[in-house]
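coords below, sequence missing:
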């Protein structure tokens, strides 16, 4: 003699019913090809599925994960950023503005060339980059090392390329290029053969820090030496690996006159010329 199953009636809205069916589908609670709410409830009753609070995450955890989305996006880990975004969307404590922002992020799919670029960098695969800038000029580069880095709150592609024409950096660094990603309107990224380099070209730049700057200076990961000069009072000697003199000068110019470049001579000359031009501009302004 068969035993009849007990039945219960659920009073839920159509929206709640759809959500329950979606959960049943997610966990494989099916009746044929259709999600089955009864099987879902049975699994919960048998503790095969555990019910947990969905509104008890502290604000600090939400904020940290939200920042992770931006950080992962900046370094090209788009898929991982999307995973965290979807995780946050499952939380009921999310504010409406933050939820809308995350939804917009998930809807704003990066262009295909950016996704391909990230894959090649991750695989350390040399590639050909052809792109058009805002002035409709077309550029072609063979890239054998690349990394996406932030410079002054914007994202750039720092890369080592075979091509050196029109690079205005010092001769030792003319293979290094820096492209602002949001100024690339369209790009074609294709695989090329050959070896992937381990890093950008670099030179060592020695600078002496004076006065309060010598005491306030915080060491950078690129620093090779960071020491007090024994024969000069209150002078700190710093030797740093530099791959791009443009960004290096942008940083140190804010510390003049307490930062003096000692070597190499070509970088020292660049700084001196920039300071001379600055003084000339002041003189020109006063004479007008």
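The structure has been received and is ready for your questions. Please read these numbers as outputs of a predicted model, since none were measured by experiment.

okay, which residue is most central for the protein?
residue 74 (1.9 Å; CA atoms, centre = their mean).

next, the contact list for that one, please.
Neighbouring residues of residue 74 by CB atoms under 8 Å, 6 or more residues apart in numbering: 148, 150, 155. Bear in mind the C-beta positions are built from the backbone N, C-alpha and C, glycine included.

sitting in helices, which of those do you find?
Among these, no residue falls in helices (DSSP state H).

neighbour-wise, which one of the residues you listed leads?
Most neighbours among the contacts of residue 74, by other CB atoms under 10 Å: residue 148, with 20 neighbours.

in this protein, which spans are helices?
Under DSSP H, the chain gives helices at 14-26, 37-45, 59-74, 78-89, 96-107, 112-123, 211-216, 245-252, 265-287.

the ones you listed: which one's closest to residue 173?
Residue 173 lies closest to helix 245-252 among those, at 6.7 Å (CB to CB).

other SSEs contacting that closest one?
Counting contacts by 3 or more CB pairs under 8 Å, 6 or more residues apart in numbering; DSSP states H and E, helix 245-252 packs against helix 265-287.

neighbouring contacts of the helix it packs on?
With contact meaning CB under 8 Å, 6+ apart, helix 265-287 is reached by 170-171, 203, 205, 242, 245, 248-249, 252-253, 256, 261-262.

tabulate these (CSV), appending pLDDT and neighbour count.
Formatted as CSV, those follow (pLDDT from 0 to 100; neighbours: other CB atoms under 10 Å):
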residue, pLDDT, neighbour count
170, 90, 16
171, 90, 10
203, 90, 19
205, 89, 22
242, 90, 24
245, 89, 20
248, 88, 20
249, 87, 15
252, 83, 17
253, 82, 13
256, 79, 13
261, 86, 19
262, 85, 14
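
quick check: the farthest pair among these?
171 and 256 (25.0 Å).

if I look at residue 242, how far off is residue 249?
10 Å (CB to CB, to the nearest Å).

wait, residue 39
For residue 39, the distance to residue 249 - CB to CB - is 67 Å.

identify whichever of the helices of the chain lies nearest to residue 191.
Each of those has some distance to residue 191 by CB to CB; the shortest is helix 112-123, at 7.1 Å.

by contact count, what packs against the closest one?
Using 3+ CB pairs under 8 Å, 6+ apart, helix 112-123 is in contact with helix 78-89, strand 127-132, strand 138-151, strand 186-191.

got these as a markdown table, with distance to residue 175 and mean pLDDT columns?
Shown next, in a markdown table, are the helices and strands packed on helix 112-123 (distance: least, CB to CB, whole Å; pLDDT from 0 to 100):
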| stretch | distance to residue 175 | mean pLDDT |
| --- | --- | --- |
| helix 78-89 | 28 | 81 |
| strand 127-132 | 14 | 86 |
| strand 138-151 | 9 | 88 |
| strand 186-191 | 19 | 82 |
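
okay, these in JSON lines with distance to residue 105 next?
Output for those, formatted as JSON lines (distance: least, CB to CB, whole Å):
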{"stretch": "helix 78-89", "distance to residue 105": "6"}
{"stretch": "strand 127-132", "distance to residue 105": "24"}
{"stretch": "strand 138-151", "distance to residue 105": "17"}
{"stretch": "strand 186-191", "distance to residue 105": "21"}
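
among the ones you listed, which comes closest to residue 49?
helix 78-89 (18.3 Å).

and residue 126, what does it touch?
Counting by CB under 8 Å, 6+ apart, residue 126 touches 120, 142-144, 191-196.

if you rank these by neighbours, which is first?
Neighbour-wise, these (other CB under 10 Å) top out at residue 143, 25 neighbours.

and that residue, what are its bridge partners?
On the basis of DSSP bridges, residue 143 is bridged to residue 127, residue 161.

report pLDDT for residue 54.
In this model, residue 54 is scored at 67, pLDDT.

for stretch 276-283, buried residues please.
Buried residues in stretch 276-283, counted by 16 or more other CB atoms under 10 Å: none are found.
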